[in-house]
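# Next one to model:
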Amino acid sequence: MKNLFRIFAAILFVAPAALPAAAAKPNIVLIYIDDMGYGDIGPFGSTKNHTPNIDRMAREGMKLTSFYGAPVCTPSRAQVLTGCYAKRVSLPNVVFPACPIGISAKESTVAGLLKGAGYATMCIGKWHVGDQPEFLPTHRGFDHYFGLPYSNDMGGSETGPPPVGTKRKGAPPLPLVRDDEVIETLAPAAQDRLTERYTDEAVKFITENKTKPFFLYLPHTAVHVPIHPGEKFKGRSANGAFGDWVEEVDWSVGKILDTLRELNLANHTLVIFSSDNGPWLETGKNSGSAGPLRGGKGGTFEGGMREPTIAWWPGKVPAASTCDAVGGNIDFLPTFAALGGAKLQQGLTIDGRDMTSLLLGKSQLSPRDAHYYFSSNRLEAVRSGPWKLAIVRQSENMGGPKNAGAAAGEFTPTLYNLDSDIGETHDVAAEHPDVIERLQKLIAVMDADLGVKQPGPGVRPPGRVKEPTGLYLPEQESPKS
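Predicted coordinates:
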């Protein structure tokens, strides 16, 4: 009897450690690159940029080859955080410094949901969904924040030129924020260390939270212009300064994955690598490549919105696999919530769907009937399966038409089969009237919800402040408005 008691006691002692990993909540890491094109990394065909760590990530994980963001920065990040098309949450355009609007406190963010489910949460990098204090990450579900509240070209005259395409006056010096406070203003040269500093912060967060579930959102400043590779990477690539920064991003990815391996967390952590929008082609040698896709940042052709995306979770996500089912960053929130055991807010419409079955290799079917391409408030196209129907004349990129559209009767909807024509070169509308009819019914459904041109009844208001100010160091004086 005494021996039986000892055996029973030993079982009780080891039981917690012996629980299968699947019974616990997985860690989640989202690495989000700024302005990286579909053709900028090895797994998606780049021959210019050397990306061995991302190549290994793809060999050990899954390439998502029909995965969508948004045409520009703010809408894409709003979609990540809310699981909604940016138009639904009234953040369809780029938000500039000291803007009165930002992500609403009434929105249920992926960080807030996971924090409520017991996760440690941190955002490291570019935020860009409102720079007013009440819009910052620590007020939207994140325990901690370290990074820039907007793009790295949006500093005031003290740090370089005003934001590209604008003559804004009074923009504060580029602020580096920790939690709620500005801790530095970055001169141009200081940006050279941003990727390294972000990576160090990420490794620290992972290490400090290795014994509990965590969610790390790492939206890099790279590779947005101005280009700032670190000192160790300058001149190292065969693709100029842009390639140098891509290769530093690759180093960062490797550092994070190595940390997870060293801490024995790899088999219990989902890591996703993606980008917000396509390459900013107008920046010339400082832009990336859309590979086989047409167009770039700012447009609704595939090159502006289809992103190079990889999912990695050893033992869960099938190694060396590819999934061409339609998905997008609006699917992050419901997917992460499902994996983390978080309950979605009742009565709050989201557009994304849980794509866990895709990631685990159990399905090749999109969880959504359609994906919609918005440019600002305007719906320009819809995709269902291989078919993409454009209902207005699409812009190619930031320098293309301003999406005013053609006058009534001047534009005939165009249809592309993306399975056979990924570059959108051949309009097959005349050959498939039945497909057009089906896709136009989907357009009508969206029109009744969010609206094709003007906001519809499903659009929710953004957060708003009455007297916005810039972010400054405590000893700096904000200019009077």
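
# Pull out the buried residues from the helix or strand harbouring D55.
If you go by DSSP states H and E, D55 is part of helix 52-59. Neighbour-count burial for helix 52-59 flags 53-58 (criterion: 16 or more other CB atoms under 10 Å). For glycine as for every other residue, the C-beta is placed from the backbone atoms N, C-alpha and C.

# for stretch 372-389, same thing?
Per 16+ other CB under 10 Å, stretch 372-389 contains these buried residues: 372-375, 377-389.

# Ok, stretch 30-46 next?
Applying 16+ other CB under 10 Å to stretch 30-46 flags 30-44, 46 as buried.

# What residue spans form the domains of the protein?
The chain breaks down into these domains under automatic domain parsing: 24-359, 371-463.

# out of those, deepest packed?
domain 24-359 (a mean of 22; mean count of other CB atoms under 10 Å).

# Quote the end-to-end distance of that domain.
Terminal residues of domain 24-359 lie 18 Å apart, using CA to CA, to the nearest Å.

# go on, stretch 100-118?
32 Å.

# What average pLDDT does it get?
Model confidence over stretch 100-118, given as mean pLDDT, is 98.

# Ok, stretch 26-45 next?
On average, the pLDDT along stretch 26-45 is 98.

# Quick one: distance of it to the chain centre.
Mean C-alpha position of stretch 26-45 versus that of the full chain (CA atoms, centre = their mean, to the nearest Å) differs by 9 Å.

# which SS state does the nearest residue to S252 once chain neighbours are set aside fall under?
With sequence-adjacent residues excluded and distances taken as CB to CB, 6 or more residues apart in numbering, S252 is closest to T199, at 4.4 Å. Following DSSP: H, G, I helix; E, B strand; the rest coil, the label given to T199 is helix.

# Contacts only, for T199.
251-252, 255-256 (CB atoms under 8 Å, 6 or more residues apart in numbering).

# where exactly do the helices run in the stretch 201-350 of the chain?
Secondary structure of the stretch 201-350 of the chain (DSSP state H, counting those that start in this stretch): helices located at 240-262, 302-305, 332-340.

# Including mean pLDDT, could these go into TSV?
Below are these laid out as TSV (pLDDT from 0 to 100):
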stretch	mean pLDDT
helix 240-262	98
helix 302-305	98
helix 332-340	98
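
# could these go into CSV alongside distance to W280?
Shown next, in CSV, are these (distance: least, CB to CB, whole Å):
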stretch, distance to W280
helix 240-262, 10
helix 302-305, 10
helix 332-340, 23
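
# for the ones you listed, which one sits closest to T138?
Proximity to T138 (CB to CB) singles out helix 332-340 among those, at 18.7 Å.

# show me what contacts A448?
Neighbours of A448 in contact, by CB under 8 Å, 6+ apart: 456-457.

# Next one: it relative to T207, how far apart?
49 Å (CB to CB, to the nearest Å).

# Grab the nearest non-local neighbour of W251.
Using CB to CB, 6+ apart and skipping the chain neighbours, the partner closest in space to W251 is N53 (6.8 Å).

# from memory Y150 sits against H128, does it?
Yes. Assessed by CB atoms under 8 Å, Y150 is found in contact with H128 at 4.9 Å.

# Just list whatever residues bridge to A120.
F214 (DSSP bridges).

# That one touches P213, doesn't it?
Yes. A120 lies in contact with P213 (CB under 8 Å); the separation is 7.2 Å.

# can you pull out the strands in the stretch 251-400 of the chain?
269-275, 309-312, 321-323, 327-328, 371-375, 378-384, 387-390 (DSSP state E, counting those that start in this stretch).

# returning to that earlier point: out of the buried residues of stretch 30-46, which are inside strands?
30-33 (DSSP state E).

# Show me the two of those that sit farthest apart.
Largest pairwise distance in those, by CB to CB, is 10.8 Å, between L30 and I33.

# hey, what's in contact with both of the two?
S274.

# Run through the protein and note the low-pLDDT ranges.
1-23, 157-170, 399-409, 477-481 (pLDDT under 70).

# 80 - rerun?
1-23, 156-171, 399-410, 475-481 (pLDDT under 80).

# Distance from the chain centre to stretch 427-441, please.
With CA atoms, centre = their mean as the basis, the mean position of stretch 427-441 lies at 31 Å from the chain mean.

# outside of it, which residues touch it?
Identification of contacts with stretch 427-441 by CB under 8 Å, 6+ apart yields 370, 382, 384, 387, 389, 412-417, 421.

# thought K115 was touching D143?
Yes. Contact criterion CB under 8 Å: K115 and D143 qualify, at 6.9 Å.

# Overlap of the contact sets of those two?
T121.

# Hmm, G112 is touching D143, no?
No. Counting by CB under 8 Å, G112 stays clear of D143, with 10.9 Å between them.

# I'd assumed I436 was in a helix, is it?
Yes. Assigned with three-state DSSP, I436 falls within a helix.
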